[in-house]
Each structure stands twice: as structure tokens, then as C-alpha cells.
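Visitor: Coordinates only, no sequence provided:
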């Protein structure tokens, strides 16, 4: 094992968990999560911020929204539910703004 010196300013976890439609916890984020993930990746590409902003797919984050996806944004570990693809630019802008204000 080795530690890598890269540290993103912002790390976004996007739920792409998919369950059966009749699952007790609901169907999960599934396809909506994939669309949200793709939107975040496009926004990172648009900004050319591949080293500063990392976007990762994940499984269940504990909140199953009726639409959109659940996202956790670091720093701060903000949990956002019902995130839609159109939200990606404003979520990243708020996260980047917060990193410039932190001591």
C-alpha cells in the first residue's frame, strides 16, 4: 500500500444503487443516480477541474429519494437528496466557494 499525494478540493459521492421496484427501502437511485453522476462528470470536464473535483459512484447512502439521487459533498459531508442533473453546476459552485472560505 502507498499513500497518494493527490487531494481533491471537492469530492462528490453519487448514489447509483439499484434495487427491485418492490424493495422495502424503495428502488434506490439507480438510473437517476447515473444521470446525476454523468451531469457532475460533464461539469467537471467543462471546468477542466479533474484534479480539484472528484466524482464517484457509490451504493446506498442511506436516503432513498422519490426522484433524483442522493449525493454527499465533501468537504462538509453535506447530504443532498432529490438531486437532479441540472443541480450539478450549482452544487459544485457552492462546494468550491466553501473551500475558498475555509481557513
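Guide: That came through, no problem. Predicted model only: the values in this text are computed from it and were never measured. Numbering: from 1, shown residues only.
Visitor: Can you spell out which helices and strands pack onto the helix or strand of the chain with the lowest mean pLDDT?
Guide: For the chain, using mean pLDDT, DSSP states H and E, the weakest element among its helices and strands is helix 88-101, scoring a mean of 88. In terms of contacts (3 or more C-beta pairs under 8 Å, 6 or more residues apart in numbering; DSSP states H and E), helix 88-101 is packed against strand 10-15, helix 30-47, strand 53-58, strand 69-74, strand 78-83. Where C-beta positions appear, they are placed from N, C-alpha and C, glycine not excepted.
Visitor: Contacts for the second one next, please.
Guide: This means helix 30-47. Contacts to helix 30-47, defined as C-beta atoms under 8 Å, 6 or more residues apart in numbering, come from residues 12, 14-19, 29, 50, 53, 55, 57, 67-71, 83-89, 91-92.
Visitor: if you set the cut-off to 7 Å instead, what comes out?
Guide: With contacts defined as C-beta atoms under 7 Å, 6 or more residues apart in numbering, helix 30-47 is touched by 12, 14-18, 50, 53, 55, 57, 67-69, 71, 83-85, 88-89, 92.
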